[in-house]
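Engineer: One predicted model, sequence on top.
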Amino acid sequence: MRYRADITAGALKVPESRQIADLLLQGTNDMGWKDALYDRNILQTRSPKTATRLALLLRGRLELMDADLWKLVRDGSGTVATHACLAAAVKHSTLLGDFLGLVVQEQYQCYAVALSHKLWEDYIVDCRRRDPDMPRWSDSTMARLRSSVFQILAQAGYVENTRTLKLQTVHMASQVLDYLTEHHEHYVLRCIQVGP
């Protein structure tokens, strides 16, 4: 299955990703993870269930990369950490990656001023054509997916904010581009380097 809905668990979550990257870099064992997530509540969640869900998402993203990217997430400037989190999120979610690489890129190429909810709806129809096994998500899940993806685009700088969805040019952090190039992450590079 190419497309999954797990991205609804959160947008980029950079501060939380920094915490998860730190645990990964320390080689934290199971007891250490439990202590960090539940006793110390490093993700600042309201419940253990939320902590578990968020940690699974962020750890799942980051573990697709290696320690060099985790260091960019943990120690990088706000921009570097954000772009590193974006790269991991794109590798983890083709729903996000393909939206950037196919839809957002096309909007830049035709000099569109902003994205729209209609573009998202049309994209989901196209996804189903590409992946007939894609689940039939409820309207509320679809709305949460769209919200998460548009939040990520705003956090990474592709759109001005989630209200106007006005397109902007993004200059990806060179450290993140270097990491992706060295690790032959061609799909991620193509998806995040969209622009006019």
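Structural biologist: That came through, no problem. Residues are numbered from 1 along each chain as shown.
Engineer: Now do the contacts for residue 160.
Structural biologist: Shown in contact with residue 160 (Cβ atoms under 8 Å, 6 or more residues apart in numbering): 154, 166-168. The way it works is simple: take the backbone N, C-alpha and C, and place the C-beta from them, glycine included.
Engineer: which two from the residues you listed end up farthest apart in space?
Structural biologist: Farthest-apart pair in the contacts of residue 160 is 154 and 167; separation 11.1 Å (Cβ to Cβ).
Engineer: Assess the claim that residue 43 and residue 52 are in contact.
Structural biologist: No - with contact defined as Cβ atoms under 8 Å, residue 43 does not reach residue 52; the gap is 9.7 Å.
Engineer: Name the residues contacting each of those two.
Structural biologist: With Cβ under 8 Å, 6+ apart as the test, residue 43 and residue 52 both reach residue 37.
Engineer: okay, these two: which has more neighbours?
Structural biologist: residue 43 (20 against 14; other Cβ atoms under 10 Å).
Engineer: quick one, what contacts that one?
Structural biologist: Contacts of residue 43 (Cβ under 8 Å, 6+ apart): 16, 19-20, 37, 51, 54-55.
Engineer: and if you look at residue 60?
Structural biologist: Neighbouring residues of residue 60 by Cβ under 8 Å, 6+ apart: 6, 92.
Engineer: how many neighbours does residue 111 have?
Structural biologist: Using other Cβ under 10 Å, residue 111 has 8 other residues around it.
Engineer: Count the residues that sit near the closest residue to residue 158 other than its chain neighbours.
Structural biologist: Once flanking residues are discounted, residue 158 sits nearest to residue 170: 5.5 Å by Cβ to Cβ, 6 or more residues apart in numbering. Counted with other Cβ under 10 Å, residues neighbouring residue 170 total 19.
Engineer: ok but residue 170 is inside a strand, no?
Structural biologist: No - in this structure, residue 170 is coil, not part of a strand, as judged by DSSP: H, G, I helix; E, B strand; the rest coil.
Engineer: right, and it touches residue 159 too?
Structural biologist: No - assessed by Cβ under 8 Å, residue 170 is found out of contact with residue 159, at 9.6 Å.
Engineer: Tell me the helix or strand right after the top helix by length along the chain.
Structural biologist: As assigned by DSSP state H, the longest helix anywhere in the chain is helix 139-156. Counting by DSSP states H and E, the next helix or strand C-terminal to helix 139-156 is helix 174-182.
Engineer: list the helices and strands that following helix packs on?
Structural biologist: Packing partners of helix 174-182 (3 or more Cβ pairs under 8 Å, 6 or more residues apart in numbering; DSSP states H and E): helix 67-75, helix 78-92, helix 186-192.
Engineer: Kind regards, and thank you for your time.
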